[in-house]
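Chemist: Could you look at this predicted model? Sequence included:
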Amino acid sequence: MSEIPILKVEDLRVSLPVDGGTLNAVRGVSFDVNRGETLCIVGESGCGKSLTSLAIMGLLPRRAKREAAALAFDGQSLQGMSPRGLRKLRGDRMAMIFQEPMTSLNPAYTVGDQLMEALLTHRKVSRSEARARAIALLEQVGITAAERRLAQYPHQLSGGLRQRVMIAMALMCGPELIIADEPTTALDVTIQAQILHLLLELKREMGLALVLITHDLGVVARIADRVAVMYAGEVVETGTAAEIFSDPQHPYTRGLLSCIPVPGRTRPGEHLGSVPGVVPSLIGSFTECGFRERCPLAREACARPIGLTPLGEGRAVRCVLAETEEAAA
Amino acid sequence: MLGFLLKRAALALAVAVTVSIISFLLLRASGDIAVAVAGEGATEADIEAIRIQFGFDRPLIVQYFEWAGNALTGDLGQSVYFRVPVVELIGERMPVTMGLGALALVFAVALSIPLGVAAALRPNSIIDRLSLWIAVLGQAMPSFWFALLLMLVMGVWWRWLPISGAGGFDHYIMPAIALGYYATPAIMRLTRAGMIEVLESDYIRTAHAKGLGTGKVLFKHALRNAVIPVVSLAAVQFGFMLSGSIVIESIFALPGVGHLAWISLQRSDFTVVQGIVLMLSVIYILMALVADLFNAWLDPRIRVA
């Protein structure tokens, strides 16, 4: 396939100056997202998945530094793009949904104002057209009495409703790519399922590409086409959802999968696994496999930076074991 | 919204009553008014006569209710010195003081909010340092000293502005700067702190993610939220300005209420002083009420339950 991916990320690095050095939060992340595809980025807190998404959108905190071999939206490089050019893309062709619906809407303006603003910024439409679009989208994201909601303020809505509003806002201009950074983490479990279902449905209807960032493997199993597992600022394994779930290669992926019950495989009463230890400090440079400290299979050979070993089309793993197997084969 | 309005109005009324009691008692506690009114060389009999004439011999509570009751009907008594109704004296001078106060507030806000925003955008930059210096100077310099400096530079050396008396608009410029500068540091620093906090909030990130331009993000989404605490502060500062006008009006010989307060204090004209304290307190309370309403307009979380 020679199709241009809607999003191309190659060797993305994000670092932040902190007391006592530089925090290398994202250390060479690469992935492609094709049109209409769902990529899930999985990993535990602090693995750099949120910063990766902010780096793509150009929304990193000012003190953070971003570098990449390539960072392109629909073939257009986002690096060195003028702030004006970037603004034109943001909210129009690529949109973002954030983790905290409670604080992501401006308390001083009505829901309607904030929804319509997204469209009015990018399109030459009248206010009544923008209003009609806002009502239609609120209905589409499952909000009842949409017209009345437009006049309400964020503090009058529940968390679930606010996240639906955020989703509707991201959809205002009909984007080709949505990046959702843990969109359900701050919500009740029952609401989480609804929101995910909604995202999936919208994705199918509108044919948009979705980058979903999550630490919830249950979510991944239900929604992902492809998966990138991140650990300590690196992608440690990529593949299709089926490959990752049925044949995990990296010890960290296996550890993660052992933490969740799988219907038909986990027997009642059986203990679930866990990944012992904590994420290593990312301050300063790394000289060994990031997962070595916690890896049950760690060995001498792990005492150096490990590269990604390709295992086939869109499938790769960052582990010495894969390297040696490949050499043996 | 109506509930909020009623609650605030009731609170304002309670504060006004309390202030009237305190101002009444303070003046009585500051010495025997009859002696002060009688002046030097008065005989014991003179003082006694004055005491009876003004009703100082009656219980305090009776005196207070008489005064407060009359005040409600718009009668603040007669000036001991001028022998005219206090309301008239204050009424003549109020436009000068209010004009000065308003101009000073405009100056303070017009200087401090842009500086505060600029400082917040680039913390520790040159503009931030500069605005910090302006704030420190404003806080450190007594307003009478700053007023004299202004007179010297703009009035005597450069001969730009008249240094004394009331007349056209130009007579108000220097007093307004001297009075307004005093309120600048607090407003500027609060604007800066508010903007820095708001600019790091999630909804500002959302605004950027929508593709909004910098101006829209700053002035529509950030500033409105950042100035909410500033509005309340500005009302408080306006109160300080009213009391500061006593000094400033005296220095610039502006015939306002502050100037009247100053000469009445010197002449022990207690009815005038009492009236001025009451009037200024009421204005201050009204300003605070207006600030509350303005905040309710800015912040729907106050307005819409």
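Modeler: Great, that's in hand.
Chemist: Could you check what's spatially nearest to the closest residue to chain A within the stretch 151-300 of chain B, not counting adjacent residues?
Modeler: The stretch 151-300 of chain B approaches chain A most closely through residue B:211 (3.4 Å), counting by Cβ to the nearest Cβ. Where C-beta positions appear, they are placed from N, C-alpha and C, glycine not excepted. Of all residues beyond its chain neighbours, the one nearest residue B:211 is residue A:91 (3.4 Å), with distances taken as Cβ to Cβ, 6 or more residues apart in numbering or on different chains.
Chemist: surely the one you found meets residue A:122?
Modeler: Yes: Residue A:91 lies in contact with residue A:122 (Cβ atoms under 8 Å); the separation is 6.3 Å.
Chemist: shared neighbours, the two?
Modeler: Shared contacts of residue A:91 and residue A:122, defined by Cβ atoms under 8 Å, 6 or more residues apart in numbering or on different chains, comprise A:173, B:211.
Chemist: more crowded one of those two?
Modeler: residue A:91 (27 against 22; other Cβ atoms under 10 Å in any protein chain shown).
Chemist: Now the phi/psi pair for the more buried one, please.
Modeler: With angles defined as degrees, to the nearest 10, residue A:91 sits at phi 80, psi -20.
Chemist: before we move on, what SS does residue A:12 have?
Modeler: strand (DSSP: H, G, I helix; E, B strand; the rest coil).
Chemist: Please apply the same query to the one 5 residues further on.
Modeler: Under three-state DSSP, residue A:17 falls in the strand class.
Chemist: residue in the stretch 51-200 of chain A nearest to chain B?
Modeler: residue A:91 (3.4 Å).
Chemist: how close does that residue sit to residue A:195?
Modeler: Separation of residue A:91 from residue A:195 (Cβ to Cβ, to the nearest Å): 20 Å.
Chemist: cool, and residue A:114?
Modeler: Distance, residue A:114 to residue A:195, by Cβ to Cβ: 19 Å.
Chemist: and these two? which has more neighbours close in?
Modeler: residue A:114 (26 against 23).
Chemist: Around chain B, which positions in chain A sit nearby?
Modeler: Contact residues (Cβ under 8 Å from any Cβ of the partner chain) of chain A with chain B: A:57, A:59, A:83, A:87-92, A:95-96, A:98, A:100, A:103-110, A:117-118, A:121-122, A:153, A:155-156, A:166, A:169.
Chemist: How about the residues of the stretch 201-305 of chain B by chain A?
Modeler: B:201-203, B:205-214, B:216, B:221, B:224-225, B:298-301, B:304.
Chemist: Now go through these and say which are in helices.
Modeler: B:202-203, B:205-209, B:214, B:224-225, B:298, B:300-301 (DSSP state H).
Chemist: Filter the residues you listed down to the buried ones.
Modeler: Among these, those classed as buried by 16 or more other Cβ atoms under 10 Å in any protein chain shown are B:202-203, B:205-209, B:224-225, B:298, B:300.
Chemist: of all the residues you listed, which comes closest to residue B:256?
Modeler: residue B:298 (31.1 Å; Cβ to Cβ).
Chemist: I'd guessed that closest one sits against residue A:108; true?
Modeler: Yes: in this structure, residue B:298 is within contact of residue A:108 by Cβ under 8 Å, at 6.7 Å.
Chemist: quick one on the thing from earlier: just the buried subset of the residues of chain A next to chain B, please.
Modeler: Looks like the residues of chain A next to chain B have A:57, A:59, A:87, A:89-92, A:95-96, A:98, A:100, A:103-110, A:117-118, A:121-122, A:153, A:156, A:166, A:169 buried, using 16+ other Cβ under 10 Å.
Chemist: taking those one by one, which sit in strands?
Modeler: A:95-96 (DSSP state E).
Chemist: give me the number of residues near residue 18?
Modeler: Since no chain was named, I'll use chain A. 12.
Chemist: You answered for a different chain; I wanted chain B.
Modeler: 11.
Chemist: what about the helix or strand containing it and chain A, touching?
Modeler: If you go by DSSP states H and E, residue B:18 is part of helix B:2-29. No: Helix B:2-29 stays clear of chain A (Cβ under 8 Å from any Cβ), getting no nearer than 14.8 Å.
Chemist: Going by contacts, tell me the helices and strands next to that helix.
Modeler: Packing partners of helix B:2-29 (3 or more Cβ pairs under 8 Å, 6 or more residues apart in numbering or on different chains; DSSP states H and E): helix B:60-72, helix B:270-298.
Chemist: Identify each buried residue in the last one, please.
Modeler: Read that as helix B:270-298. Going by neighbour count (16+ other Cβ under 10 Å), the buried part of helix B:270-298 is B:270-285, B:287-289, B:291-296, B:298.
Chemist: How about the contacts made by the residue most central in space within chain B?
Modeler: Nearest to the mean C-alpha position of chain B, by Cα atoms, centre = their mean, lies residue B:239 at 2.5 Å. Shown in contact with residue B:239 (Cβ under 8 Å, 6+ apart): B:284, B:287-288.
Chemist: how far off helix B:60-72 does the helix holding residue B:18 point, in degrees?
Modeler: Orientation note: helix B:2-29 sits at an angle of 130 degrees relative to helix B:60-72 (axes from the mean of the first three to the mean of the last three Cα atoms, to 10 degrees).
Chemist: Look up phi and psi at residue B:55.
Modeler: phi 80, psi 20.
Chemist: With adjacent residues omitted, what lies nearest to it?
Modeler: residue B:63 (6.1 Å).
Chemist: Next up, the contacts around the one you found.
Modeler: B:24, B:55-56.
Chemist: and it, how far is that from residue B:31?
Modeler: 16 Å.
Chemist: just residue A:129 next, same as before
Modeler: Distance, residue A:129 to residue B:31, by Cβ to Cβ: 74 Å.
Chemist: Those two: which is more packed in?
Modeler: Using other Cβ under 10 Å as the criterion, residue A:129 and residue B:31 rank with residue A:129 on top: 14 against 11.
Chemist: ok, the closest residue to that one other than its chain neighbours - how many residues close by?
Modeler: Distance criterion Cβ to Cβ, 6+ apart; nearest residue to residue A:129, sequence neighbours excluded, is residue A:119 at 8.0 Å. For residue A:119, the neighbour count with other Cβ under 10 Å is 23.
Chemist: In contact with residue A:119, which residues?
Modeler: Per Cβ under 8 Å, 6+ apart, neighbours of residue A:119: A:125, A:129-130, A:133-134, A:172-173.
Chemist: Mind telling me what element residue B:264 is part of?
Modeler: Residue B:264 belongs to helix B:257-266, assigned by DSSP H and E.
Chemist: quick one: pLDDT of residue 146?
Modeler: As the question left the chain open, I've gone with chain A. Residue A:146 carries a pLDDT value of 92.
Chemist: ah, no, chain B please
Modeler: At residue B:146, the pLDDT recorded in the model is 91.
Chemist: same deal with residue B:39?
Modeler: 76.
Chemist: Equivalent analysis for residue B:15, please.
Modeler: At residue B:15, pLDDT is 91.
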